[in-house]
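Trainee: Fold the following.
(one chain, ligands or ions: 1)
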Amino acid sequence: MNVSGNYETDRNLRTRQSIWAYGAGAPFFRRVLDLVSVPETAPVVDVGCGNGNYLAELRRRGHRGPLLGLDLSPGMAATAAAASGAPTAVADAQFLPVGTATAGLTLAPHMLYHVPDIPLAVAELRRITAPGGLAVITVNTPWHTHEVDALLAKVTTDLLGHPVTMAWDGQRFRSDRAGALLPTVFDDVAKHDLGWVARVTSAAAMRGYVESIPATGLAVPDECRAEVLAEFERRVAARIEATGSFPVTSGAVAYVCG
Ligand SMILES: C[S@@+](CC[C@H](N)C(=O)[O-])C[C@H]1O[C@@H](n2cnc3c(N)ncnc32)[C@H](O)[C@@H]1O
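Mentor: So this is what the prediction gives:
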């Protein structure tokens, strides 16, 4: 993945994270960390740490062991360090600069789908996880954000004569593929469905969500893009006006692997 377009800074990630804040309940990263109990001095490595939510939460929980955030994007690594106070470094999940069997907890949340060689990255997660330690991997189900795709398909059919939906990295490695691959690498794999429905009350936030996907991920002619986005936002606003919110399904799944 080329991080320069989408992950140079955490702006696009924050935009996408913002719609999930409309869901009831604790933020996703808290619910993921609630799944594992890790000795409070265990070393933790967060691979593809993004803007550092997991590292910051571990600190908030009083984790006293060494924390390390790794990300392919220098901007993300810097943001995560500032947000969490944990050391971070630029690194590729396919070639982790971490010793074998050293991490008590290895995290790889919502990132494997960006990696060119996913089995190689999963083997790396396994390699760095200590015996008795855990690796926690999160991905999405195939029905993640299906309401967004359905509305985009309607809008583009009406405006362009054919349906266009989002095509993005997240679709490269979803729960169907993860469920098949992970048990071939780890001895024990426990799947946790953590999906929920966010009831979004801002049409602008929904438009921002679609805009945060790289332009190549919404294959409409450049000259029609603004019109498609404006119509998408208009129909979301109409739905919010009529029913109070626009529902968006998160199909997030966590795998706790040992
Ligand atoms: C969707 S964000 C998830 C961030 C964070 N894990 C979270 O769940 O909030 C994906 C992150 O993976 C990083 N990334 C993409 N390819 C990577 C690779 N090959 N190695 C390490 N990090 C990568 C991106 O820069 C981005 O920060």
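Trainee: Report the residue spans of the protein with pLDDT below the cut-off.
Mentor: For the chain, applying pLDDT under 70 flags the ranges 1-5, 215-216.
Trainee: Find the closest residue to the ligand in it.
Mentor: Nearest to the ligand in the chain, going by CB to the nearest ligand atom, is residue 50, at a distance of 2.4 Å. In this view, the C-beta of every residue, glycine as well, is placed from N, C-alpha and C.
Trainee: Would you mind naming the helix or strand containing that residue?
Mentor: Residue 50 is part of no helix or strand when elements are defined by DSSP states H and E.
Trainee: surely it meets residue 12?
Mentor: No. In this structure, residue 50 is not within contact of residue 12 by CB atoms under 8 Å, at 10.6 Å.
Trainee: Looking at these two, which is more packed in?
Mentor: Counting neighbours by other CB atoms under 10 Å for residue 50 and for residue 12 shows that residue 50 has the greater number, 25 against 18.
Trainee: center of this structure - which residue?
Mentor: Closest to where the C-alpha atoms of the chain average out (CA atoms, centre = their mean) is residue 110, at 3.3 Å.
Trainee: tell me the SS of the nearest residue to residue 8 once chain neighbours are set aside?
Mentor: Counting by CB to CB, 6 or more residues apart in numbering, residue 75 is the residue found nearest to residue 8 once chain neighbours are left out, at 5.0 Å. Secondary structure state of residue 75, per DSSP: H, G, I helix; E, B strand; the rest coil, is helix.
Trainee: count of residues packed around residue 75?
Mentor: Around residue 75 there are 17 residues (other CB under 10 Å).
Trainee: Return the set of buried residues in the helix of greatest length in the chain.
Mentor: If you go by DSSP state H, the chain has its longest helix at helix 222-243. By 16 or more other CB atoms under 10 Å, the buried positions in helix 222-243 come out as 228, 229, 231, 232, 233, 235, 236, 237, 239, 240.
Trainee: export those residues to CSV and tack on distance to residue 39?
Mentor: CSV is the format used below for those (distance: CB to CB, whole Å):
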residue, distance to residue 39
228, 51
229, 48
231, 53
232, 47
233, 48
235, 50
236, 46
237, 49
239, 47
240, 46
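Trainee: quick revisit: what residues does the nearest residue to the residue nearest to the centre of the chain once chain neighbours are set aside make contact with?
Mentor: Spatial nearest neighbour of residue 110, chain neighbours left out: residue 138 (5.3 Å); criterion: CB to CB, 6+ apart. Neighbouring residues of residue 138 by CB atoms under 8 Å, 6 or more residues apart in numbering: 28, 32, 108, 109, 110, 194, 252, 253, 254, 255.
Trainee: quick one: residue 61 from residue 80, how far?
Mentor: Distance from residue 61 to residue 80, counting by CB to CB, to the nearest Å: 17 Å.
Trainee: what about the strands in this protein?
Mentor: Assigned by DSSP state E, the strands in the chain fall at 44-47, 67-71, 88-90, 103-109, 129-140, 189-193, 196-200, 246-250, 252-257.
Trainee: List the neighbouring strands of the first one plus their orientation.
Mentor: Sheet pairing of strand 44-47 (DSSP bridges) gives strand 67-71 (parallel), strand 103-109 (parallel).
Trainee: Work out the gap between it and the centre of the chain.
Mentor: 15 Å (CA atoms, centre = their mean, to the nearest Å).
Trainee: sorry, back to before: ok, the residue nearest to the centre of the chain touching residue 139?
Mentor: Yes. The criterion here is CB under 8 Å, and residue 110 meets it with residue 139 at 6.8 Å.
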